[in-house]
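Peer 1: pasted the sequence and its predicted model underneath.
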Amino acid sequence: MKARLRPWWVPLAVVGLLLPGAANRLLPSPRPASDSGFTPDKGRFRILQQGNEAGTEEFSFGPAGNNWVMEDETVIRVPGGVEMRSSGQLRISADGTPQHYTWSAQGDKKASGTVEFANGTAKTSANIAGAKQPVQRDFTFNSTRIAVLDNNLYEQYAILGRIYDWNAKGPQSFPVLIPQDATPGSIDLESLGTKSVDSENLEVLRVHSTDLEIQLYFDAKFHLVRLEVPAAKVVIVRQ
């Protein structure tokens, strides 16, 4: 079963609804394009819903030895609701394979956690306010190149633009982990070609799930510059 995407007003991420053991039946991820080297990036996103400011995200992505580290922090303000803050630090190898992830989230409650990746296994540990001990779960995939797409941390979608094989095109499936939910899943990616946005030609990648679609817009360096959730009227744009 494909993963399901949440509406924007709750943490927006891919939520896995796989049957027990389904993560082990995923096909290996396609190889990345031959020119899929990462490049450093740093910036800020505006999170808009129906044109209104709903939050911001600060992010950075750069080399760390032979690996790469992404750091992002998001603040979302829902009218009449509690301000939500999320942060994450993701360490990946040069081909996009995750190695280590730490996260924290604060809304009605505080929570934090870590994920250790090794040989296609993700070992998750979460500390929830009020809980007597960490919640620990292990998930096994048959591909090591797992997409980490955590709640409300949108720069993580930028990595999809590098693990997708742009030379092969067509639909490609990838395993996914949502650490804050400790939930595995899968998504389909497909190139929609080039689209002109504000006089700039951008590559568009569709992220498809059971009940929702996200469109990602990348510049010539495959930096994420725009994310759209048409059904929820949400647009996330780089400042």
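Peer 2: Structure received. Keep in mind it's a predicted model, so treat the numbers as computed, not measured. Numbering: from 1, shown residues only.
Peer 1: any idea how far G130 is from K109?
Peer 2: 7 Å (C-beta to C-beta, to the nearest Å). (C-beta placed from N, C-alpha, C; glycine too.)
Peer 1: before we move on, what about P134?
Peer 2: Between P134 and K109 the distance is 15 Å, computed by C-beta to C-beta.
Peer 1: got the contact list for E83?
Peer 2: Applying C-beta atoms under 8 Å, 6 or more residues apart in numbering, we find E83 in contact with 75-77, 107.
Peer 1: run the last query once more with 10 Å
Peer 2: By C-beta atoms under 10 Å, 6 or more residues apart in numbering, the contact list for E83 reads 55, 75-77, 106-107.
Peer 1: go on, A129?
Peer 2: Listed by C-beta under 10 Å, 6+ apart, the contact partners of A129 are 106, 108-112.
Peer 1: which one of the residues you listed is nearest I187?
Peer 2: A111 (23.9 Å; C-beta to C-beta).
Peer 1: next, the closest one: secondary structure please.
Peer 2: Of the three states, A111 takes strand under DSSP: H, G, I helix; E, B strand; the rest coil.
Peer 1: thought it was touching S125?
Peer 2: No. A111 is not in contact with S125 according to C-beta atoms under 10 Å; the separation is 11.3 Å.
Peer 1: joint contacts of the two?
Peer 2: V135.
Peer 1: in its sheet, what does the longest strand along the chain sit against?
Peer 2: Under DSSP state E, the strand in the chain containing the largest number of residues is strand 183-197. Sheet neighbours of strand 183-197, with direction, are listed as strand 172-178 (antiparallel), strand 200-208 (antiparallel) (DSSP bridges).
Peer 1: please tabulate these in CSV, including the columns mean pLDDT.
Peer 2: Putting the strands paired with strand 183-197 into CSV (pLDDT from 0 to 100) gives the following:
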stretch, mean pLDDT
strand 172-178, 94
strand 200-208, 96
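Peer 1: ok, back up a step: filter the contacts of A129 to the buried ones?
Peer 2: For the contacts of A129, burial is judged from neighbour counts taken by 16 or more other C-beta atoms under 10 Å, and it is met by 106, 111-112.
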